[in-house]
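Trainee: Need a 3D model of the sequence below.
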Amino acid sequence: MSDFTRPPAAPPVLTSRELALFQALVEREAGIHLSQAKDALVANRLSRRLRELGLTSFGAYYTYVTERGHEAEKVRMLDSLCTHETAFFREPQHFELLRERIFPDWIAQAQAGRRARSLRVWSAACSTGEEPYSLAMSLLEAFPRGSGWSLEVLATDLSTWALARTQEGLWGLERAATIPQPLLRAYMLKGVRTQEGMMKAGPELRALMRYARVNLNAPGEWPPGPFDLIFCRNVLIYFGAEARSRVIGGMVQRLAPTGYFFLGHAESLIGVDVDVRSVSANVYTPRGWVTARY
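Mentor: Numbers count the residues shown, from 1 in each chain. As a prediction, this is how the structure comes out:
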């Protein structure tokens, strides 16, 4: 049979033993728990790296990733296995809470001399940037330039690919559907010529942003607090119980006394021992901070 008619080689099969190796590695490195049901996902997402490296089995890839000197490939592996589902103003009730209650409370406190006119916000699993830029737009609406407030939004993610997209601040126009029209007009630029069909974060948004790769499973590498808002939404559902408890405890410790911690709609503090009070659905504040439930 000639080379022209030779059938393509069959893709490698991920064995249960190989899956177990990757499960242990990913949970050890990133805190992410891959269930047995994720075998197809793991195989599909890692197959490309096998092809590019010329490896013929997932076991060989595991050996390659764990060898000394291949730390960059370990980062690529984790990038491949990360989930990047997100949207602008996702879970809008959280942004309504900021706009209607939390931001006005902070403004009143500053006017009464009970807090500084500065805010630090951490989007702790920023994916491709929709969440931190939504926060930046919300902040600028409540604390516009010239109001005397200092604003900072720190966007972090485990995935270097997602973080690069966040820094680029460029999305397809279809992503604009969930951005309120006044904010879209005020803060986003519409692409022209080679960027037609795209939108880009405007300079006012970019002035607020800071970026860093952060592994939530390595608290010793986290940015120092305090933060007034910490959004860690829809990522801890992928963590094992021990890692989830450790991450939440570390984040609460980084909250300012009047700060707020936000989880995703499918997450909770059940089984986690932290000294916080619930102020709204999946929103918490340090117990010593007295405020009404919203």
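
Trainee: and Leu78, how many neighbours?
Mentor: 19 (other CB atoms under 10 Å). C-beta coordinates here come from the backbone N, C-alpha and C atoms, glycine included.

Trainee: and it, what does it touch?
Mentor: Applying CB atoms under 8 Å, 6 or more residues apart in numbering, we find Leu78 in contact with Val26, Glu29, Ala30, Leu158, Ser159.

Trainee: quick one: which of these is nearest to Tyr133?
Mentor: Distances from Tyr133 to the contacts of Leu78, taken as CB to CB, are shortest for Ser159 (16.7 Å).

Trainee: Make sure that closest one is actually in contact with Leu81.
Mentor: No: between Ser159 and Leu81 there is no contact, the gap being 9.1 Å when judged by CB atoms under 8 Å.

Trainee: pretty sure Leu208 is touching Met137, no?
Mentor: No: if you go by CB under 8 Å, Leu208 and Met137 don't touch, sitting 9.5 Å apart.

Trainee: Look at the two and report which has more neighbours.
Mentor: When neighbours are counted by other CB under 10 Å, Leu208 and Met137 differ, and Met137 comes out ahead with 27 against 22.

Trainee: Please name the residues that touch the more buried one.
Mentor: Going by CB under 8 Å, 6+ apart, Met137 touches Ile179, Leu183, Ala186, Tyr187, Leu205.

Trainee: Helices along this protein, start to end?
Mentor: Under the criterion DSSP state H, the chain contains helices at 16-30, 39-53, 58-66, 71-81, 92-97, 103-111, 130-142, 160-168, 181-187, 203-206, 241-253.

Trainee: Tell me which of the ones you listed is the most buried.
Mentor: Compared across those, helix 130-142 shows the largest average neighbour count, a mean of 24 (mean count of other CB atoms under 10 Å).

Trainee: How far away from the center of its chain is that helix?
Mentor: Mean C-alpha position of helix 130-142 versus that of the full chain (CA atoms, centre = their mean, to the nearest Å) differs by 15 Å.

Trainee: quick one, it and helix 160-168 angle?
Mentor: Relative orientation of helix 130-142 and helix 160-168, computed by axes from the mean of the first three to the mean of the last three CA atoms, to 10 degrees: 30 degrees.

Trainee: residues contacting Trp222?
Mentor: Here Trp222 is in contact with Val214, Leu216, Gly250, Arg254 (CB under 8 Å, 6+ apart).

Trainee: low pLDDT regions in this structure?
Mentor: Counting by pLDDT under 70, the ranges of the chain that qualify are 1-10, 288-294.
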